[in-house]
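# build me a model from this:
(chains A and B)
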Amino acid sequence: MTALLETRGLSLSFGGIVAADNIDFSLHEGERLAVIGQNGAGKTTFINICTGLIKPDSGSVMFDGKVITARSPRDIVRRGMARSFQIPQLFMEHTVRQCLELSGVARQRKLSLFTNLGKANDGPGVDHILELVGLRERQHELCDSLPEGQRKLLDVAMSLMLRPRLLIMDEPTSGVSTEEKHDLMEILMEALEEQKTTSIFVEHDVDIVKRYASRVAAWISGAVAADGAPDTVLADPTIQREVLGI
Amino acid sequence: MIKRLFITGIVFLAVLGLSVAFPWMRVPLIMALVYGTAALGVVVLLRAGQISFGHAMYMLISGYTVAFLSEAFPGTDGIVLVLAGTGVSLVTGMVLGLFLVRYRGIFFGMLNLAISMVIFTIVTKFYGMTGGSDGMRVPRPSLFGADMDRAGYEATLLIILLILAVVLVFSVQQFFRSSAGEAMASIKTNEDRLEYLGVSAKKLLWQGYAVSAGLCGLAGAFYGLSQGLVTPEAGYWLKSGELVFISILGGSAHAIGVFVAALLFEFVKMYASILVGGSWQLVLGVTLIAIIYFLPDGLTSLLRKKRQTAEVRS
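Sure thing, here's the model as predicted:
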């Protein structure tokens, strides 16, 4: 079975700091991978390389069997790989609904000078996602007015509007209170499940990882130190010492 | 919609009435509409968070196109000259835009200024072709095939510009609300996210740049026709500065703002020249400072405030 995402010998250094160290990695359709690691371990760098933000020094990235190394983020998104961000990336002067509508027309490639944004979109798609992520009540508010948790939800929702085959989420629960974390993850996982979207999420909270991941990859110094079932990886003494600080 | 059409009709008739009651007001009104059209081009870019300090170059390009054509083909109708001038500016904007949309912020603004100064200098120095700083005359052409005396010509230009202003306000407002227009506006707040939705921000900005160049070109053609003369001053950086002034005064929330601002600009300039002679710039400067202080988003922010007040009341 062809891997949905595959990297071979991916390496990148910033000066003397190795951010990606010969990473061989693969992800298959339907998996829900949690990426764990200390700050500076190279998790976000790996995401940035895969999504086209950074070019690697060497190695290759393949998505659905096709090489996408150093392709533009735009091209990679159009191939079906979307991402959300550690700091939510929204259009602050647009409303919640408009952000989703923009994502919708972007997916349908229906940007037009002659059709109003609201009419250019498939309305039910926007309404459904608003319902799914619980933002219907705030759909006409400016993104600027949303609290952090809802900004995170909207950031992911914008990516979901693209109906990607793979969604990479960089710390979707960071900046969200402990009480809200599980609610947020429940909403996200339900949405991913419904769209049958394969996902990677970077996470520091072990409880979240145990509960929502089907597979865990642990990063240490730019390399994958352990990769496998959550119970196995989280029980690994090296991972417990170096990553979890137990 | 009916209310808007009613207000538009009232404003239309009021301007026409003024020009009939006070014939001396025709030229200032024509110039206000010309500057409003050009500033509308600058506002299109402001929506994307970009400002050009050189957009008067498209007025110059169009104005000289009109002058060259009316010299090379005497008797060409004014409407044909306007279409040709606008077309040349539009194409120039499309070509220059390919390079300029790679830059943002101050670099975008200053590169436009630099190119406008290069064009200004070329036009000034090629005296044999362009008449240098003396410029080129634009003999009064026929309009829609009819030859007119000066008064009829000015009145017809005013009516054409008024109709055009109404059409442009509705069209540009439609562009602002369109999916491409809203996407272009999002360049202002988060261009990276736009790329991560699979949309090319450069392509969107290029479209907006072409529209803005076309609008300035349209204004430049009417500038040439109404003045009967085109000089390099039409593309000088001070003229670009005036367009930016009007754009900031009007704001980018609604396309109508620049026409109101252009009227205000033209009449403040005129009366300031009469009242304080050589210090009219001081009055304009103070006006701009007051607008930025009290209405940082320009005159059109009044419309938004009115809408918000109505929402709160309801």
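# mind jotting down where the strands sit in chain A?
Assigned by DSSP state E, the strands in chain A fall at A:5-14, A:17-27, A:32-37, A:58-63, A:66-67, A:81-84, A:166-169, A:198-202, A:215-220, A:223-228.
# what is the distance between the helix or strand hosting B:Val283 and the centre of its chain?
Assigned by DSSP states H and E, B:Val283 falls within helix B:280-294. From the chain centre to the centre of helix B:280-294 is a distance of 20 Å (CA atoms, centre = their mean, to the nearest Å).
# tell me the contacts of residue 151?
Defaulting to chain A. A:Pro88, A:Leu90, A:Cys143 (CB atoms under 8 Å, 6 or more residues apart in numbering or on different chains). All C-beta atoms are positioned from the backbone trio N, CA, C, and that covers glycine.
# actually chain B
Taking CB under 8 Å, 6+ apart as the contact definition, B:Ala151 lies against B:Pro23.
# in a strand, it, correct?
No: counting by DSSP: H, G, I helix; E, B strand; the rest coil, B:Ala151 is not part of a strand but helix.
# could you dump the contacts of A:Arg151 to CSV with neighbour count and distance to B:Thr76?
Formatted as CSV, the contacts of A:Arg151 follow (neighbours: other CB atoms under 10 Å in any protein chain shown; distance: CB to CB, whole Å):
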residue, neighbour count, distance to B:Thr76
A:Pro88, 23, 57
A:Leu90, 23, 52
A:Cys143, 23, 52
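# ok, and of those residues, which contact chain B?
Residues of the contacts of A:Arg151 in contact with chain B (CB under 8 Å from any CB of the partner chain): A:Leu90.
# re the thing from before, the strands of chain A: which one's closest to B:Phe22?
The closest of these to B:Phe22 is strand A:81-84. By CB to CB, the value is 61.0 Å.
# next, A:Val176: phi, psi?
When read as degrees, to the nearest 10, the backbone of A:Val176 gives phi -110, psi 140.
# distance of B:Gly208 from B:Ser89?
Distance from B:Gly208 to B:Ser89, counting by CB to CB, to the nearest Å: 15 Å.
# adding mean neighbour count, write the strands of chain A out as CSV.
Listed next are the strands of chain A as CSV, based on neighbours: other CB atoms under 10 Å in any protein chain shown:
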stretch, mean neighbour count
strand A:5-14, 18
strand A:17-27, 18
strand A:32-37, 24
strand A:58-63, 18
strand A:66-67, 10
strand A:81-84, 26
strand A:166-169, 25
strand A:198-202, 24
strand A:215-220, 23
strand A:223-228, 18
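# let's have the ones you listed in TSV, adding mean pLDDT.
Shown next, in TSV, are the strands of chain A (pLDDT from 0 to 100):
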stretch	mean pLDDT
strand A:5-14	93
strand A:17-27	91
strand A:32-37	94
strand A:58-63	95
strand A:66-67	94
strand A:81-84	94
strand A:166-169	95
strand A:198-202	94
strand A:215-220	94
strand A:223-228	91
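# out of those, which gets nearest to chain B?
strand A:81-84 (6.4 Å; CB to the nearest CB).
# I'd assumed A:Gly149 was in contact with A:Arg138.
No: counting by CB atoms under 8 Å, A:Arg138 stays clear of A:Gly149, with 11.8 Å between them.
# so is the helix or strand bottoming out on mean pLDDT in chain A next to chain B?
Across the helices and strands of chain A, the lowest-confidence element by mean pLDDT, DSSP states H and E is helix A:117-120, at a mean of 79. Yes: on the criterion CB under 8 Å from any CB, helix A:117-120 is in touch with chain B at A:Leu117, A:Ala120.
# next up, the contacts around the residue most central in space within chain B.
What sits nearest the mean C-alpha location of chain B, by CA atoms, centre = their mean, is B:Ala38, with 0.9 Å. B:Ala38 sits next to B:His55, B:Ala56, B:Tyr58, B:Met59, B:Leu215, B:Cys216, B:Ala219, B:Gly220, B:Leu243 when contact means CB under 8 Å, 6+ apart.
# do B:Leu113 as well
B:Ser52, B:Phe53, B:Gly54, B:Trp237, B:Ser240.
# just for the chain, where's the confidence low?
Chain wasn't specified; assuming chain A. With pLDDT under 70 as the threshold, chain A has low-confidence stretches at A:1, A:121-124.
# you looked at the wrong chain, it should be chain B
Short version for chain B, where the test is pLDDT under 70: B:1, B:304-314.
# list phi and psi for the spatially closest residue to A:Gln89 that is not a sequence neighbour.
Nearest non-adjacent residue to A:Gln89, counting by CB to CB, 6 or more residues apart in numbering or on different chains: B:Arg193, 4.1 Å away. Backbone geometry at B:Arg193, expressed as degrees, to the nearest 10, gives phi -60, psi -40.
# swap in A:Ile87?
phi -100, psi 110.
# which residues of the chain fall in helices?
No chain in the question, so chain A it is. Along chain A, counting by DSSP state H, helices occupy A:43-50, A:73-78, A:96-108, A:117-120, A:123-132, A:148-160, A:178-195, A:206-212, A:230-235, A:237-242.
# that's the other chain; I wanted chain B
Using DSSP H, helices in chain B cover B:2-21, B:26-47, B:56-72, B:78-100, B:105-125, B:127-130, B:150-177, B:179-185, B:187-195, B:201-227, B:237-250, B:256-276, B:280-294, B:301-313.
# re earlier: okay, the helices of chain A in CSV with distance to B:Tyr271 next?
Below are these laid out as CSV (distance: least, CB to CB, whole Å):
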stretch, distance to B:Tyr271
helix A:43-50, 58
helix A:73-78, 52
helix A:96-108, 42
helix A:117-120, 42
helix A:123-132, 51
helix A:148-160, 49
helix A:178-195, 60
helix A:206-212, 68
helix A:230-235, 77
helix A:237-242, 76
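# near chain A, which residues of chain B show up?
Near chain A, when you scan chain B using CB under 8 Å from any CB, you find B:174-175, B:177-183, B:185-186, B:188-190, B:192-200, B:204, B:207.
# so how do I select the buried members of the residues you listed in PyMOL?
Buried residues within those, by 16 or more other CB atoms under 10 Å in any protein chain shown, are selected in PyMOL with:
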select buried, chain B and resi 175+178+179+180+181+182+183+185+186+188+189+190+193+194+195+196+197+198+199+204+207
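# mind checking how far A:Ile187 is from A:Glu179?
14 Å.
# these two - which one has more neighbours?
Using other CB atoms under 10 Å in any protein chain shown as the criterion, A:Ile187 and A:Glu179 rank with A:Ile187 on top: 17 against 8.
# number of residues surrounding the closest residue to the more buried one other than its chain neighbours?
The shortest distance from A:Ile187 to any non-neighbouring residue, by CB to CB, 6+ apart, is to A:Val133 (5.7 Å). A:Val133 has 22 neighbours, counted by other CB under 10 Å.
# list the contacts of A:Val133.
By CB under 8 Å, 6+ apart, the neighbours of A:Val133 are A:Leu153, A:Leu154, A:Val156, A:Ala157, A:Leu160, A:Ile187, A:Leu188, A:Ala191.
# how near is it to chain B?
A:Val133 sits 17 Å away from chain B, taking CB to the nearest CB, to the nearest Å as the criterion.
# quick check on that residue: phi, psi?
In terms of degrees, to the nearest 10, the main-chain angles of A:Val133 are phi -100, psi 10.
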